[in-house]
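Participant: Next comes the sequence, and after it the predicted model I'd like to discuss.
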Amino acid sequence: MTHSDETRPGEPVGVLVVDDEDGIGWWSTSEPAVVAVPVVLGRGVVCEVDAARPDQLLYWSIAPGGDPAPLATAVGDPTMVDLLTAVRAAGPSVTSTAGRRLTPTWQRVAHVAALDRCLLYPVDDGALLIDEAVANLGVGDRRNARRLYGHAEYALVHLTERAIDRELPSVLADLLREALRGAAELDVADAATRLAGEIPDPAPAAEQDLVAQLTEWIDDEAASVGSRPIALGGADRDDTDRDSTVLFDEGYLDIGAVPPRIIAWNGPDIPDLQIEHFPAQDRFVITAALAAGVEPTCREVAELIGWTADAATGALLAVMPVVVRDGYLVAELPARGRELFDIEAGVTAGGVEPSGRPAAPGRRELIRVDRSMFESWNQYRAAISVVAAVGPDADRADVAAAERSRQERLGYARTAAMAARATLRSLVERTGSADAATGADVLRLRARLAAVQEYLDRLTEPPLPGTDDPTLVELVVPNLVEESEW
């Protein structure tokens with residue numbers, strides 16, 4: 001096994017590993033500020049980016065025998081094919097190398113993937129499908145783009161009809177025209193592309209409406225969810241429950257362990273979970289509110305599980321599927337003589353380790369960090385979108401209103417990110433002096449802290465054209481595109 005140093009000043013640093021089976025992987029020494037988002041670059045070739053930095057790779061891998069060409073194309077460096085072929089031929093090795101950045105077209109794919117993974121509030125599924133189709137076509141994945149356009153045709157038709165009626169502002173109309181050009185190139189979504197030539201210039205009133213809608217969107221969704229109490233006993237407790245003593249606690253959802261927009265989001269500091277103990281029945285009940293617009297029978301809900309684990313050791317105690325009762329997600333688990341203070345409890349997606357290492361040092365704090373950073377990034381994206389909604393011919397009052405909304409959103413984003421930074425600083429101090437902590441634990445926490453600080457610094461900078469531009473899913477308020485009846 002060989003070791004070398006091929007880093008370049010100013011570039012992210014990572015470790016390139018060739019394993020015994022000729023698989024190749026690269027891991028950055030950086031951590032994501034928000035969350036690592038996976039992106040498929042080609043057959044057997046995957047990468048991860050930070051949702052807040054869709055240009056910068058945190059990880060990539062090529063399966064044994066896999067072709068390096070998709071990675072080389074994604075970073076815009078054809079020489080990587082020969083380089084990685086030579087590294088692989090030399091046998092197992094560990095090499096320190098500089099990181100790579102995705103090309104603008106692949107950054108768009110990564111950004112749309114980040115939106116799908118990280119947007120917390122209800123979104124328009126049709127708009128998201130259009131974004132995915134356009135991004136995939138941009139990197140030459142015509143087969144996947146054609147499939148996505150097919151699923152999104154109802155949304156394209158509806159948006160095109162609204163554009164013809166001059167109900168879409170210029171930023172939405174421009175994105176729609178781009179999508180329609182792509183559909184025409186692939187010879188799909190004929191019902192929409194036939195109407196493309198009828199789209200007129202947008203009316204100024206449409207831009208005023210969009211600014212108002214975007215300004216109210218997240219606040220209204222959060223308010224409607226936050227005002228809805230979690231029902232004790234999963235919304236339909238029986239007579240024996242009413243006669244028993246009920247003890248309860250509240251918990252925070254591990255936002256990285258469940259699909260996005262399935263469980264209602266109240267905000268980073270408001271508990272999502274209620275954990276009840278019914279001593280007479282020797283059982284725990286975990287309850288969470290289903291997000292607005294979610295179909296109770298969808299696959300994502302069907303795969304959710306509730307779990308309990310020993311608070312001291314992290315050992316898994318019980319796992320049960322989640323059921324939907326009157327708009328709430330409910331999991332009932334045996335207590336086996338344990339009390340609330342004996343356990344950790346949560347809800348997890350299928351395929352994710354149920355316990356989530358509940359006894360790990362700093363776990364609760366890191367969950368709070370994740371929640372704060374998700375919220376911060378959502379507010380930051382909303383700030384960008386509300387300004388983009390103002391067209392070139394907007395009057396002074398509309399520009400001022402958009403700027404006020406932008407500043408308010410940026411304030412929320414900074415507050416949430418600063419809370420995450422404070423938690424991480426405290427955790428770094430505590431973990432650095434803890435007997436159970438490892439050097440790797442401390443290094444990861446420091447790297448995460450550095451990423452959050454860099455993110456905070458970027459909040460004061462103007463958005464990067466092309467990289468930070470909003471997409472349809474960020475601008476189409478839910479219900480603007482009607483659900484498909486197909």
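Facilitator: That came through, no problem.

Participant: care to break this structure down by domain?
Facilitator: 5-101, 108-208, 232-348, 362-468 (automatic domain parsing).

Participant: for the record, mean pLDDT for the longest one?
Facilitator: Per-residue pLDDT values over domain 232-348 give a mean of 88.

Participant: Tell me how far Ala133 lies from Ile286.
Facilitator: To Ile286, Ala133 is 38 Å away according to CB to CB, to the nearest Å. (Each C-beta comes from the backbone N, C-alpha and C, glycine too.)

Participant: typed the wrong thing, it's Gly76
Facilitator: 47 Å.

Participant: before we move on, back to that, so for Ala133 and Ile286, which residue has more residues nearby?
Facilitator: Ala133 (29 against 24; other CB atoms under 10 Å).

Participant: Identify each buried residue in stretch 280-300, please.
Facilitator: Buried residues in stretch 280-300, defined by neighbour count with 16 or more other CB atoms under 10 Å: 281, 283-291, 294, 300.

Participant: Need those in CSV (columns: secondary structure and distance to Leu424).
Facilitator: CSV is the format used below for these (DSSP: H, G, I helix; E, B strand; the rest coil; distance: CB to CB, whole Å):
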residue, secondary structure, distance to Leu424
Gln281, coil, 40
Arg283, strand, 37
Phe284, strand, 31
Val285, strand, 33
Ile286, strand, 28
Thr287, strand, 30
Ala288, strand, 26
Ala289, strand, 29
Leu290, strand, 31
Ala291, coil, 28
Val294, coil, 32
Glu300, helix, 30
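
Participant: which residues of the chain score low on pLDDT?
Facilitator: 1-11, 202-208, 217-244, 353-361, 433-438, 465-466, 480-486 (pLDDT under 70).

Participant: same for the helix of greatest length in it, what does it pack against?
Facilitator: Assignment by DSSP state H gives helix 396-432 as the longest helix of the chain. On a contact count with 3 or more CB pairs under 8 Å, 6 or more residues apart in numbering; DSSP states H and E, helix 396-432 meets helix 204-226, helix 363-388, helix 439-459.

Participant: Now tabulate the domains of the chain in JSON lines and tack on distance to Leu475.
Facilitator: Formatted as JSON lines, those follow (distance: least, CB to CB, whole Å):
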{"stretch": "domain 5-101", "distance to Leu475": "18"}
{"stretch": "domain 108-208", "distance to Leu475": "5"}
{"stretch": "domain 232-348", "distance to Leu475": "17"}
{"stretch": "domain 362-468", "distance to Leu475": "6"}
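
Participant: Which among those is found nearest to Glu216?
Facilitator: Among these, the nearest to Glu216 by CB to CB is domain 362-468 (9.5 Å).

Participant: first to last residue in the closest one, what's the distance?
Facilitator: 32 Å (CA to CA, to the nearest Å).

Participant: gap between Leu464 and Asp55?
Facilitator: According to CB to CB, Leu464 stands 9 Å off from Asp55.

Participant: Among these two, which residue is more densely surrounded?
Facilitator: Asp55 (17 against 11).

Participant: Please save the CA atoms from the lengthiest strand in the chain in PDB.
Facilitator: For the chain, the strand with the greatest residue count under DSSP state E is strand 53-62. Output of strand 53-62 as PDB, limited to C-alpha atoms (Å, rounded to 0.1, in the frame of the first residue of the first chain):
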ATOM      1  CA  ARG A  53     -22.400  23.500  -2.100                       C
ATOM      2  CA  PRO A  54     -23.600  21.400  -5.100                       C
ATOM      3  CA  ASP A  55     -20.400  22.200  -7.000                       C
ATOM      4  CA  GLN A  56     -18.000  20.700  -4.500                       C
ATOM      5  CA  LEU A  57     -17.600  16.900  -4.200                       C
ATOM      6  CA  LEU A  58     -17.500  15.400  -0.700                       C
ATOM      7  CA  TYR A  59     -17.200  11.800  -1.900                       C
ATOM      8  CA  TRP A  60     -17.100   9.800  -5.100                       C
ATOM      9  CA  SER A  61     -16.700   6.100  -5.900                       C
ATOM     10  CA  ILE A  62     -16.300   3.800  -8.900                       C
END
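
Participant: Show me what the next helix or strand after it is packed against.
Facilitator: Sequence order places helix 69-75 as the next helix or strand after strand 53-62, per DSSP states H and E. Contacts defined by 3+ CB pairs under 8 Å, 6+ apart place helix 69-75 against strand 36-42, strand 45-50, strand 53-62, helix 79-89.

Participant: Give me the next element, helix or strand, following the last one.
Facilitator: On the C-terminal side of helix 79-89, the closest following helix or strand by DSSP H and E is strand 93-98.

Participant: Within the sheet, what are the partner strands of that following strand, with directions?
Facilitator: Each strand paired with strand 93-98, and its direction, by DSSP bridges: strand 5-6 (parallel), strand 13-18 (antiparallel).

Participant: which parts of the last one are buried?
Facilitator: The reference is to strand 13-18. The neighbour-count check on strand 13-18 (16+ other CB under 10 Å) flags 14, 16-18 as buried.

Participant: Stretch 248-257 too?
Facilitator: Across stretch 248-257, burial judged by 16+ other CB under 10 Å covers 248, 251-257.

Participant: next one: stretch 58-67
Facilitator: Neighbour-count burial for stretch 58-67 flags 58-62, 66-67 (criterion: 16+ other CB under 10 Å).

Participant: now stretch 304-317
Facilitator: Buried-residue list, stretch 304-317, by 16+ other CB under 10 Å: 304-311, 317.

Participant: just stretch 33-48 next, same as before
Facilitator: By neighbour count with 16+ other CB under 10 Å, stretch 33-48 contains the buried residues 33-37, 39, 41-42, 45-48.

Participant: okay, how far is it across that stretch, tip to tip?
Facilitator: 13 Å.

Participant: gap between that stretch and the chain center?
Facilitator: Mean C-alpha position of stretch 33-48 versus that of the full chain (CA atoms, centre = their mean, to the nearest Å) differs by 13 Å.

Participant: mind checking how far Glu474 is from Ala417?
Facilitator: Counting by CB to CB, the gap from Glu474 to Ala417 is 19 Å.

Participant: now Asp141
Facilitator: Asp141 is 34 Å from Ala417, by CB to CB.

Participant: Who are the contact partners of the most centrally placed residue in the chain?
Facilitator: In the chain, the C-alpha nearest the mean C-alpha coordinate belongs to Cys118, at 1.8 Å (CA atoms, centre = their mean). Going by CB atoms under 8 Å, 6 or more residues apart in numbering, Cys118 touches 34-35, 37, 51, 260, 374, 377-378.

Participant: how about the residues you listed, which pair is most distant?
Facilitator: Val37 and Asn378 (14.2 Å).
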